[in-house]
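Visitor: Just need the structure, nothing else, for what follows:
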Amino acid sequence: MSVTRPKANIDHWQERVDLAATFRWTERLNMHEGVANHFSLAVNDDGSRFLMNANQMHFSRITASNLLLLDANDPATLDRPDAPDPTAWGLHGSIHRHCPHARCVMHVHSIHATVLASLADSTLPPIDQNTATFYGRYVIDDAYGGLAFEEEGTRCAKMLCDPKIRVMIMGNHGVLVIGRDPADAFNRLYYFERAAETYIRALQTGRPLRVLSHEIAEKTAQELDDYPGQAEAHLREIKAILDAEGSAYAS
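Guide: Now for the predicted structure:
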């Protein structure tokens, strides 16, 4: 299949294919926002070289071959003819520069995560299995300072230094997740949006919430941290569906 056959003269082919598939599925789930959101994936040991979507390209048109390969330490990046979106460079470049453990970074303005980020209290209580997934594993950024140019991106990156933190609820903005690869990051992004939706809908009932204890919430989060193969299977099935439909994501 096309997903396993490298294209001539393009490095990091399988990484490109996997990342491209997550863009296509994010668009299908309506978790993107026009041409404003970005995913990136580190491809070297220290995380400084990374793939990212091209400037102002819709998620539904992204392919393995049109992803940009960038260097977080190259100050001339924004002078390139194919320069990335400057806010994407500010946010993703800063994270890859300062947080080498953040191999894959996904930032969206998905509806329910953004609603959560717009509340005065953006805490996500563990009221079900999905919300418990993120117990003690997210940070809330309550100091939104405008578009994520270099200064804002550096500020956000400093909040992600703890490897236990996998999600940033970006107050007044959206959500950012990190993972070890596209499968891990996308699976987390998907379940965070589901968790946020569950919580928002529960609030809408106006009835008391059934909140899990610290012990059970942490136990559940650890069990899901260690659950074998779920993220990989999720992405495998997404690619199988796209392949069966004749999608060009792997071109």
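
Visitor: residues in contact with the closest residue to His12 other than its chain neighbours?
Guide: Using CB to CB, 6 or more residues apart in numbering and skipping the chain neighbours, the partner closest in space to His12 is Val43 (4.8 Å). Glycine gets a C-beta too; all of them are placed from N, C-alpha and C. Taking CB atoms under 8 Å, 6 or more residues apart in numbering, we find Val43 in contact with Asp11, His12, Glu15, Arg49, Phe50, Leu51, Leu69.

Visitor: Do you know the pLDDT at Val43?
Guide: At Val43, the model reports a pLDDT of 98.

Visitor: Would you check how far apart it and Pro208 are?
Guide: Separation of Val43 from Pro208 (CB to CB, to the nearest Å): 48 Å.

Visitor: Pull the residues that contact stretch 87-101.
Guide: Against stretch 87-101 from outside (CB under 8 Å, 6+ apart): 38, 40, 42, 45-48, 50, 52-53, 55, 70, 72-73, 77-78, 83, 102, 105, 107, 147-154, 156-158, 160-161, 163, 176, 178.

Visitor: Among the contacts of Val43, which one has the most neighbours?
Guide: Top of the contacts of Val43 by neighbour number is Phe50, holding 27 neighbours under the definition other CB atoms under 10 Å.

Visitor: State the pLDDT value of that one.
Guide: Reading off the model, Phe50 has pLDDT 98.

Visitor: okay, among the contacts of Val43, which ones form the most distant pair?
Guide: Asp11 and Phe50 (12.2 Å; CB to CB).

Visitor: Which residues are in contact with each of these two?
Guide: Common contacts of Asp11 and Phe50 (CB under 8 Å, 6+ apart): Val43, Leu69.

Visitor: Which residue is the nearest non-sequential neighbour of Asp162?
Guide: Nearest non-adjacent residue to Asp162, counting by CB to CB, 6+ apart: Val139, 7.9 Å away.

Visitor: Run me through the strand neighbours of the host helix or strand of that neighbour, direction for each.
Guide: In the assignment (DSSP states H and E), Val139 maps to strand 138-141. Sheet partners assigned to strand 138-141 using DSSP bridges are listed as strand 167-170 (parallel).

Visitor: Which other helices and strands does the helix or strand bottoming out on mean pLDDT in the chain contact?
Guide: Of all helical and strand segments in the chain, the minimum by mean pLDDT, DSSP states H and E falls on helix 150-158, at a mean of 89. Counting contacts by 3 or more CB pairs under 8 Å, 6 or more residues apart in numbering; DSSP states H and E, helix 150-158 packs against helix 94-98.

Visitor: does the residue positioned nearest the centre of the chain sit in a helix, a strand or a coil?
Guide: In the chain, the residue lying closest to the centroid (CA atoms, centre = their mean) is Met106, at 2.0 Å. Secondary structure, DSSP: H, G, I helix; E, B strand; the rest coil: Met106 is strand.
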